[in-house]
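> No sequence on hand, only this structure:
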């Protein structure tokens, strides 16, 4: 089953909910960046949650989530849009540790607890919306939960999980975002919190074949969820050879001449997808704005 996101309402609209299966998305990121297990979990959780946040947007809107903390993986960045396109990278992909005392991948140790989570939304306006909060745990889900409550003033429960095979490939990944609307009662909130605390790990449910819809039923109970829409999600990067050419063209003829004379060409690698681009000296010459005078 391909990755997809479910948008839903629960308790007759008193709660807004998103759930996702993101196994293929996270595996593609792992393959492109050659992440080791703990780094895969950190990047995968960030991309999974960012994908659901992208589903909250409309039209051409997009967002960037960035985690900058004091752990060895360094900054983690994920981009997502309203169309289900997601991309991301982790600065130091070759980070892995023994399991923590709960038998889980030690994501908090890899990410760090001293730092910040920032969200930048491009909503097509003159100014971008930017929200930033300090890290609270380094486990990522809790950090996004704190972001929603503090920066957007929306009480939320955020969960994301990544299950990694012994060969470092991704076995299962998924997540949810639950947001309480003004009409929610204390009884509803207590029931949701109780169900979330009692449900299996997200990645374990995905591994067992449970769908995002099944996940929401476990959180809200049978008959309390109304699915609004489902939409595909995928790893997709907007980089291209043409974009690289435009960037080099913008450097000016003098810089291009220097590349031709000193390097005999140009190499570029996209941070987000790790795609490599090579331009020969002939290709570089074609990018010059003015012809050489004899």
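Thanks, I have the structure now. Quick caveat: nothing in here was measured; it's all calculated off a predicted structure.
> what residue ranges in the chain score low on pLDDT?
Low-confidence segments of the chain, defined by pLDDT under 70, span residues 1, 290-294.
> Which residue ranges of it form helices?
23-33, 37-54, 107-111, 141-151, 186-198, 202-207, 212-220, 241-249, 253-258, 281-285 (DSSP state H).
> and the last one, what does it pack onto?
The contact analysis (3 or more CB pairs under 8 Å, 6 or more residues apart in numbering; DSSP states H and E) places helix 281-285 against strand 265-269. Placement of C-beta: from N, CA and C, glycine included.
> who touches the strand it packs on?
244, 247-248, 259, 275-281, 283-284 (CB atoms under 8 Å, 6 or more residues apart in numbering).
> quick one: which of the residues you listed is nearest to residue 118?
Distance from residue 118 was checked for each of the contacts of strand 265-269 by CB to CB. The minimum falls on residue 247, at 24.4 Å.
> The residue nearest to the closest one when sequence neighbours are not counted: how many residues sit nearby?
The spatial neighbour of residue 247 that comes closest, neighbours along the chain excluded (CB to CB, 6 or more residues apart in numbering), is residue 268 at 7.9 Å. A total of 16 residues lie near residue 268 under the criterion other CB atoms under 10 Å.
> Next: the one 4 residues further on.
Using other CB under 10 Å, the number of residues around residue 272 comes to 20.
> Can you point out the buried residues in stretch 56-67?
Along stretch 56-67, the positions that meet the burial threshold by neighbour count (16 or more other CB atoms under 10 Å) are 56-57, 61-67.
> for stretch 219-234, same thing?
Taking 16+ other CB under 10 Å as the neighbour-count basis, stretch 219-234 is seen to contain the buried residues 219-220, 224-225, 233-234.
> Quick one: end-to-end length of it, please.
Across its full length, stretch 219-234 reaches 25 Å between end residues, using CA to CA, to the nearest Å.
> go on, stretch 50-65?
Its start and end residues considered, stretch 50-65 measures 7 Å (CA to CA).
> quick one: contacts for the nearest residue to residue 140 once chain neighbours are set aside?
What sits nearest to residue 140 in space, not counting adjacent residues and going by CB to CB, 6+ apart, is residue 45, at 4.2 Å. Taking CB under 8 Å, 6+ apart, we find residue 45 in contact with 107, 140-141, 160-162, 175.
> do residue 121 as well
Applying CB under 8 Å, 6+ apart, we find residue 121 in contact with 57, 61-63, 128-130.
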